[in-house]
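Here is my input, please return the structure:
(chains A and B)
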Amino acid sequence: MSKYISLTAIGKDKPGIVSAVTKVLYGLKCNIEDSTMTILHGQFAMILIIKLSPSVALKKLSCDISKEAKRLGMSVSLSPVGYAKKKKEKTTPYVISVYGADKTGIVYNISKYLAEKKINITDVQTALANLKTGKTYIMLIEARFPEKLSVQKISAELAVISKNLGVSVSVNRAESSKI
Amino acid sequence: MSVLPVITIPDPLLKQVSADVKNIDGEVRALAGNMHKTMLHHKSCVGLAAVQVGVLLRIIIVDVSLSEKPHASSGCLAMINPVITHSSGKTSSREGCLSVPDFIGTVTRKKKIEVEYLDLNGNKRLLKTGGFEAICIQHEIDHLDGKVFLDRVTSLKTDVFRR
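All right, here's what the predicted structure looks like:
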């Protein structure tokens, strides 16, 4: 039986990281099912979901990847992925934009509110822009709102939280683009 | 004419609603001239709203012929008190902004618009346009209403972020 494994690795960015890691995976006939890889603050971060080949033991993969990670100066972690049965609750996707002068607690205070409302965050992107006027923090959240929630009410309540944080917030229906 | 400094987020002026221009006098024409010069100063800048140079008046300058890619263009437009009277369709595209440097985002806007405005001589004009020019005019009118494109982002997956 095939097994799904999560592989996360992070270390100082340099050319050759992706090829070095995927060479190990390819050599062990592991398929990359999904991934996101990016540079965060100069660190190259990889998150992969891989399908373990039936003929390869997790231990072998773990051993080979660890060796390679050590050579690359990266920290790495592997673990089996479990899949829970999905509850089918009706939700609608929205994009929440938050931006303003950088300070500690923006992510926590916004996400705490969303969690209380059972709004599921599906994607977060943040960036810090060093502008002439000072550091500006930008956060874009994609989240699924339970259908019974009033978007106007959520927007209004987020506006109050944002005002206290000194940031701007906007809620827009996510575009499900069909091209 | 001079190039004016452009303000960037989180400058609170960008969240404010601009006021209608009452008299199109020499001062307003000089401001429009300076806005035009400022727009030309920034490479591939195709539009500017007065608030971006720190003036809370409903004046925008648009010239999509300055874009790196070719687009249907009505030439250089200086619009005073612009109002979108009709609009139709939907279109998504990537937008950037001098006031949100280094970033782009996918924004959904109306495909075709009709805009009523005053020209620099105070004459009432009506422009029917679509495509990139319509997107640009909507982006600039948003500035007059205290909005930047970040307030209208509708997708993270397709392409958001660092230019």
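
Would stretch B:7-22 count as contacting chain A?
Yes. Between stretch B:7-22 and chain A, judged by C-beta under 8 Å from any C-beta of the partner chain, the touching residues are B:7-11, B:15. For the C-beta atoms, the positions are set from N, CA and C on the backbone; glycine is no exception.

Any buried residues in that stretch, and which?
Going by neighbour count (16 or more other C-beta atoms under 10 Å in any protein chain shown), the buried part of stretch B:7-22 is B:7-11, B:14-15, B:18, B:21.

do stretch B:137-148 as well
In stretch B:137-148, counting by 16+ other C-beta under 10 Å, buried: B:137-144, B:146-148.

Kindly state the pLDDT recorded for the residue of chain A positioned farthest from its centre?
The C-alpha centroid of chain A is most remote from residue A:55, which lies 30.5 Å away (C-alpha atoms, centre = their mean). Per-residue confidence for residue A:55 comes out at a pLDDT of 88.

So it lies in a helix, does it not?
No. Under DSSP: H, G, I helix; E, B strand; the rest coil, residue A:55 sits outside any helix and is assigned coil.

Contacts only, for it.
With contact set as C-beta atoms under 8 Å, 6 or more residues apart in numbering or on different chains, residue A:55 has these partners: residue A:29.

what about it, distance to residue A:62?
With the distance defined as C-beta to C-beta, to the nearest Å, residue A:55 ends up 16 Å from residue A:62.

follow-up on the earlier one: and chain A, which of the buried residues of stretch B:137-148 contact it?
Answer for these near chain A (C-beta under 8 Å from any C-beta): residue B:147.

what helix or strand is residue A:82 on?
Residue A:82 belongs to no helix or strand when elements are defined using DSSP states H and E.

What are the boundaries of the helices in chain B?
B:26-41, B:131-144 (DSSP state H).

Export the buried residues of stretch B:137-148 to TSV and append columns for pLDDT.
Supplementary listing: the buried residues of stretch B:137-148 in TSV, determined by pLDDT from 0 to 100:
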residue	pLDDT
B:137	97
B:138	98
B:139	97
B:140	97
B:141	98
B:142	97
B:143	98
B:144	98
B:146	96
B:147	96
B:148	95
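
Of all pairs in the buried residues of stretch B:137-148, which one is the farthest apart?
B:137 and B:146 (16.7 Å; C-beta to C-beta).

What parts of chain A come near chain B?
Residues of chain A lying close to chain B (C-beta under 8 Å from any C-beta) are A:95, A:97, A:99-101, A:123, A:125, A:127, A:129, A:131-134, A:136, A:138, A:140, A:142, A:167-168, A:170, A:172-175, A:177.

Residue A:154 - that's part of a helix, no?
Yes. When three-state DSSP is applied, residue A:154 is found to be in a helix.

Quick one: find the helix or strand in chain A with the lowest mean pLDDT.
Among the helices and strands of chain A, strand A:120-131 carries the lowest confidence by mean pLDDT, DSSP states H and E, at a mean of 84.

What's the separation between residue B:149 and residue A:146?
Taking C-beta to C-beta as the criterion, residue B:149 is separated from residue A:146 by 28 Å.

now do residue B:86
Taking C-beta to C-beta, one finds residue B:86 at 36 Å from residue A:146.

now residue A:124
From residue A:124 across to residue A:146, the span is 19 Å (C-beta to C-beta).

go on, residue B:67?
Between residue B:67 and residue A:146 the distance is 42 Å, computed by C-beta to C-beta.

higher neighbour count, these two?
For residue B:67 against residue A:146, the residue with the higher neighbour count under other C-beta atoms under 10 Å in any protein chain shown is residue B:67, and the figures read 16 against 13.

pLDDT at the closest residue to residue B:37 other than its chain neighbours, what is it?
Of all residues beyond its chain neighbours, the one nearest residue B:37 is residue B:1 (4.6 Å), with distances taken as C-beta to C-beta, 6 or more residues apart in numbering or on different chains. The predicted local confidence for residue B:1 comes out at a pLDDT of 83.

Quick check: the spatially most central residue of chain B vs chain A, distance?
Against the mean C-alpha coordinate of chain B, by C-alpha atoms, centre = their mean, the closest residue is residue B:140 at 2.2 Å. Computed as C-beta to the nearest C-beta, to the nearest Å, the residue B:140 to chain A distance reads 18 Å.

List the contacts of that residue.
Applying C-beta under 8 Å, 6+ apart, the residues contacting residue B:140 are B:47-49, B:60-62, B:79, B:82.

Sitting in strands, which of the residues you listed do you find?
Counted as lying in strands by DSSP state E, out of the contacts of residue B:140, are B:47-49, B:60-62, B:79, B:82.

ok so, going back, how about CSV for the buried residues of stretch B:137-148, with distance to residue A:161 added?
Compiled in CSV, these are given as follows (distance: C-beta to C-beta, whole Å):
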residue, distance to residue A:161
B:137, 33
B:138, 29
B:139, 27
B:140, 30
B:141, 28
B:142, 23
B:143, 25
B:144, 27
B:146, 19
B:147, 19
B:148, 20
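
quick check, nearest of the buried residues of stretch B:137-148 to residue A:70?
For residue A:70, the closest of the buried residues of stretch B:137-148 turns out to be residue B:148, at 45.5 Å, with distances computed as C-beta to C-beta.

shouldn't that closest one be in contact with residue B:95?
No. Under the criterion of C-beta atoms under 8 Å, residue B:148 is not in contact with residue B:95, lying 9.5 Å apart.

Kind regards, and thank you for your time.
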